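In: What shape does this take:
(2 chains)
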Amino acid sequence: MSRVHDMGGRFGDGPIVPESEDVIFHADWHPRALALTLAAGSLGQWNIDVSRHARECLAPKDYAAFSYYEKWIAGVADMLVERGVVTPAELSGACDAQISDLATKKLTADQVAGVLARGGPADRDSAVAQAFQIGDAVMTRRIAQNVLVAGGHTRLPMYAAGAKGKILRYHGTHVLPDSNAHRLGEAPEPLYAVVFPASELWQHPEHPRDEVVLDLWQSYLEAV
Amino acid sequence: MPHDTHDHDHPHALLPPQPALRVKALETILTQKGLVDPAALDVIIDTYENKIGPRNGAHVVAKAWREPEFLDALRTDADAALLELGYYGRQGEHMVVVENTPQMHNLVVCTLCSCYPWPLLGIPPGWYKSDAYRARVVREPRAVLADFDVRLPDETAVRVWDSTAEVRYLVLPMRPAGTEGWSEQALMDLVSRDSMIGTGVVQVPV
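Out: Okay, the predicted model is just below:
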């Protein structure tokens, strides 16, 4: 089994409650949590894959109990301590917070627009040759787990493990999260959109022609 | 007194348990350490509350409905076409636009977290980030659509896009009949956020 965040296909979650487009945040601290997370990220101590993995590493009972932005804040706090940016004593308030060596990297108000506009593109040149063409039949890894690190980050959901599909699009070569989340390098490789019949994934699909598409890295796939 | 709600192996448990206080405490600590400028946080919040939101996506949809050459450009290289309109940035670096037709309805989710095209739609709605949506929509998209009062004809197949990489998807909803010759602004006003995620369809109000 994988981690608690990998919930695609799970039963028992109940109805979805639509909401008005005007509702952006549900509590005053939500936008603060979002902004704090983005500002802390700009210190350059982690990449997006490391930060996703930090949230996934929350204890299952915390992951299930925390609201969305509570997960973000918990992940940020854990990464700050892991990187030695903040000490446990500072976090608990047992001592006064000291000026950090990273203070020169602080995101200033006038830098925000540029940083948000630049984003963080994930496409990279790669020496790994494209192995599949559009229309090729492929099968995903039978076990949806990181092959480099036990219990590590991966973007192959459990529900799509060992499933047969077809290459729908080629996205070029992108950073491999399974490596990048563990600071093992970006290891870029070909990335594809792979289409699966719903009947390949679910015992009781709703409709015979429904499909699910996932973006999957070449190393998640084998030819069939 | 034992605490059984937080995992004590994780440093985050050192912060106050109440979420609003937890965020406040972390902001105070990082500000004291010289790592965060509260004024920068205000600018980030203003950006996503007032500047970047689903009206950007509605602009793209209305333009694609009116201008065949723009639609072609979106199909060929969405990133380049969107950049010309100024829509690029964080969580929208690699865009693909997927077109609804009478034969195929597209629906977007991120089952593993909450990936979403921020430059075009802003911050994802609460339900998009909910366990229920993430868990259910890949397995029973039609039951999920019913929660949004959307019912598709039997001849329409559903294609659910689970955003597992940094590629972000925008649904191009079908243009409703009776809108020929409408202005870009009038068309934009019809386009809901949900119709660009795939949990809504665009209709002319009666």
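
In: going forward, measure contacts between C-alpha atoms and count neighbours the same way
Out: Will do.

In: contacting residues for the most centrally placed residue in chain A?
Out: With distances taken as Cα atoms, centre = their mean, residue A:52 lies nearest the centre of chain A, 4.3 Å away. For residue A:52, the contact set (Cα atoms under 8 Å, 6 or more residues apart in numbering or on different chains) comprises A:181, B:113.

In: For the strand or helix carrying it, buried residues please.
Out: Element membership for residue A:52, per DSSP states H and E: helix A:48-56. Within helix A:48-56, the residues that qualify as buried are A:49-56, counting by 16 or more other Cα atoms under 10 Å in any protein chain shown.

In: now do stretch B:31-41
Out: Here stretch B:31-41 shows B:31-38, B:40-41 as buried, counting by 16+ other Cα under 10 Å.

In: And residue 50, what's its pLDDT?
Out: The chain I'm using is chain A. Turning to residue A:50, the model gives it a pLDDT of 98.

In: think we crossed wires, I meant chain B
Out: For residue B:50, the predicted pLDDT is 94.

In: hmm, back to that, contacting chain A as well, which ones from the buried residues of stretch B:31-41?
Out: B:32-37, B:40-41 (Cα under 8 Å from any Cα of the partner chain).

In: Sitting in helices, which of the residues you listed do you find?
Out: Among those, DSSP state H puts B:32, B:40-41 in helices.

In: Could you list the domains of chain B?
Out: Here the domain assignment for chain B is B:18-49, B:57-197, based on automatic domain parsing.

In: Looking at those, spot the one closest to residue A:108.
Out: Residue A:108 lies closest to domain B:18-49 among the domains of chain B, at 5.3 Å (Cα to Cα).

In: Check the offset of that closest one from the chain's centre.
Out: Relative to its chain's centre, domain B:18-49 lies at 24 Å (Cα atoms, centre = their mean, to the nearest Å).

In: name the helices or strands packed onto the longest strand along chain A?
Out: Longest strand of chain A, by residue count under DSSP state E: strand A:164-174. Contacts defined by 3 or more Cα pairs under 8 Å, 6 or more residues apart in numbering or on different chains; DSSP states H and E place strand A:164-174 against strand A:137-140, strand A:189-197.

In: picking up where we left off before, redo the domains of chain B as JSON lines? Include distance to residue A:64.
Out: Listed next are those as JSON lines, based on distance: least, Cα to Cα, whole Å:
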{"stretch": "domain B:18-49", "distance to residue A:64": "15"}
{"stretch": "domain B:57-197", "distance to residue A:64": "9"}
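
In: Which one, of the ones you listed, ends up nearest to residue A:223?
Out: That would be domain B:57-197 among the domains of chain B, by Cα to Cα, at 20.3 Å.

In: now do the same end-to-end measure for the closest one.
Out: Terminal residues of domain B:57-197 lie 10 Å apart, using Cα to Cα, to the nearest Å.

In: What ranges does chain B have for its helices?
Out: Under DSSP H, chain B gives helices at B:19-32, B:38-46, B:54-66, B:68-76, B:78-84, B:118-121, B:131-136, B:141-147, B:184-190, B:193-197.

In: got a markdown table for those helices, with mean pLDDT too?
Out: As requested, the helices of chain B are exported to a markdown table (pLDDT from 0 to 100):
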| stretch | mean pLDDT |
| --- | --- |
| helix B:19-32 | 97 |
| helix B:38-46 | 97 |
| helix B:54-66 | 98 |
| helix B:68-76 | 98 |
| helix B:78-84 | 96 |
| helix B:118-121 | 96 |
| helix B:131-136 | 98 |
| helix B:141-147 | 98 |
| helix B:184-190 | 98 |
| helix B:193-197 | 98 |
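
In: will you turn the ones you listed into CSV that also has distance to residue A:96?
Out: Formatted as CSV, the helices of chain B follow (distance: least, Cα to Cα, whole Å):
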stretch, distance to residue A:96
helix B:19-32, 8
helix B:38-46, 19
helix B:54-66, 42
helix B:68-76, 53
helix B:78-84, 45
helix B:118-121, 37
helix B:131-136, 38
helix B:141-147, 49
helix B:184-190, 52
helix B:193-197, 45
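
In: Relative to residue A:157, which of those helices is closest?
Out: Of all the helices of chain B, helix B:131-136 sits nearest to residue A:157, with 11.2 Å by Cα to Cα.

In: export the longest strand of chain A as CSV, just CAs?
Out: In CSV, the C-alpha atoms belonging to strand A:164-174 read as follows (Å, rounded to 0.1, in the frame of the first residue of the first chain):
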residue,chain,number,x,y,z
LYS,A,164,-3.0,-1.1,-19.9
GLY,A,165,-3.5,2.1,-21.9
LYS,A,166,-2.4,4.0,-25.0
ILE,A,167,-0.1,7.0,-25.5
LEU,A,168,-2.4,10.0,-26.2
ARG,A,169,0.1,12.9,-26.1
TYR,A,170,3.8,13.4,-25.8
HIS,A,171,4.7,16.3,-23.5
GLY,A,172,8.5,16.4,-24.1
THR,A,173,11.1,15.6,-21.3
HIS,A,174,10.3,16.7,-17.8
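
In: Can you pull out the low-pLDDT segments for chain A?
Out: A:1-2 (pLDDT under 70).

In: mind giving me the domain split of it?
Out: Split by automatic domain parsing, chain A gives A:29-118, A:137-223.

In: Turn those into TSV, including distance to residue B:187.
Out: Conversion of these to TSV gives the following (distance: least, Cα to Cα, whole Å):
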stretch	distance to residue B:187
domain A:29-118	27
domain A:137-223	29
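
In: so which of these gets nearest residue B:22?
Out: Among those, domain A:29-118 comes nearest to residue B:22, with 8.0 Å by Cα to Cα.

In: ends of the closest one, how far apart?
Out: 26 Å.

In: cool, and stretch A:186-201?
Out: Termini of stretch A:186-201 sit 30 Å apart (Cα to Cα).

In: Can you tell me how far residue B:28 is from chain A?
Out: 9 Å (Cα to the nearest Cα, to the nearest Å).

In: Number of residues surrounding that residue?
Out: By the measure other Cα atoms under 10 Å in any protein chain shown, the count of residues near residue B:28 is 15.
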